Every structure is written in structure tokens, then in C-alpha cells.
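**Q** With the input below, show me the fold.
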Amino acid sequence: PNAYLVRYNGTVLRSYQHTEATIATTGGKSTTADFVAATVSPSNKWLYCVNENGLCVCFSVASGEVESTLDVTSKGNNLDQPGAGAGAAGAAGEITGLQHHPHEGILASFTNFKGVKRGLLKLWK
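**A** Numbers count the residues shown, from 1 in each chain. So this is what the prediction gives:
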């Protein structure tokens, strides 16, 4: 999937690509998992994008390189493990948003977790 950093007028400044995340579909075919939420760190140094599988990909804004990944749907904290979280979205719920704390190194993800009335909020440090 691709993510784009754009100006307010729609001009693309940089594109970011992560090719490791795939989802299985019926018929044995696999497709890439699209990004569904994104946020930029307050320092404008990192771009965090979450795909359909619940894999949060951290990109360097300056270079466009993938710095680390985090499975935001799992119970564990799988920092720096590429591919962690493949297929996890169905079990935990769909990611509906992602936000970075304005002053601390804390990332929040929220989902429409199945079986919980008001969803699920996870904080990552």
C-alpha cells in the first residue's frame, strides 16, 4: 500500500510504500492490505500508518524508509518485527483511528473491537 504526504492544495510532497503486508482473499489470491489510518509525530519526524491487518508501519518522513512496525491489534507489544500482525484484524477489530500525543512519545490506536460496546483504545510508548 501507499501513503502520501500532501499539501493542503493536494500537491504530493512524498509517497511512502510498504510492500510486506498482504491479506488472503477467497480463491487463494492475496492482495496488499490498504492503509486505513495515519498520523504524523509532533516533531514531523515520523509518519505512522496502520493497514487493514492492524500493522502500524513507522516511516521516516525525511527518507521514506520503514523504521519499525508494530502490531496494534495484538495483546503483545511486537515492536520492530516486520510482518507482525498479518491476519490479526479479523480477530481483534478494525482500526478506526490513530493519534500521536502532542508532547510525549505515546501513540494511541482505537478500534471498533468486537464484543465491547464502546471500542478499544490502546496506548503505545
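**Q** Tell me the spacing between the closest residue to residue 60 other than its chain neighbours and residue 58.
**A** Spatial nearest neighbour of residue 60, excluding adjacent residues (CB to CB, 6 or more residues apart in numbering): residue 67 at 5.4 Å. Where you see a C-beta, it was placed from the backbone N, CA and C, and this is true even at glycine. Distance, residue 67 to residue 58, by CB to CB, to the nearest Å: 5 Å.
**Q** wait, residue 111 sits on residue 50?
**A** No: using CB atoms under 8 Å, residue 111 is not in contact with residue 50; the gap is 9.7 Å.
**Q** Settle it for me: which of the two has more neighbours?
**A** Legend: neighbour count by other CB atoms under 10 Å for residue 111 and residue 50, higher for residue 50 (29 against 22).
**Q** Helix or strand with the lowest mean pLDDT in this protein?
**A** helix 89-92 (a mean of 43; mean pLDDT, DSSP states H and E).
**Q** then the helix or strand following it to PDB, C-alphas only?
**A** Later in the chain than helix 89-92, the nearest helix or strand by DSSP states H and E is strand 95-100. Extracted C-alpha coordinates of strand 95-100, given in PDB (Å, rounded to 0.1, in the frame of the first residue of the first chain):
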ATOM      1  CA  ILE A  95      -8.600   0.100  13.300                       C
ATOM      2  CA  THR A  96     -10.700   3.300  13.200                       C
ATOM      3  CA  GLY A  97      -8.000   5.800  14.200                       C
ATOM      4  CA  LEU A  98      -4.500   6.600  15.200                       C
ATOM      5  CA  GLN A  99      -3.200   9.600  17.100                       C
ATOM      6  CA  HIS A 100       0.200  10.700  18.400                       C
END
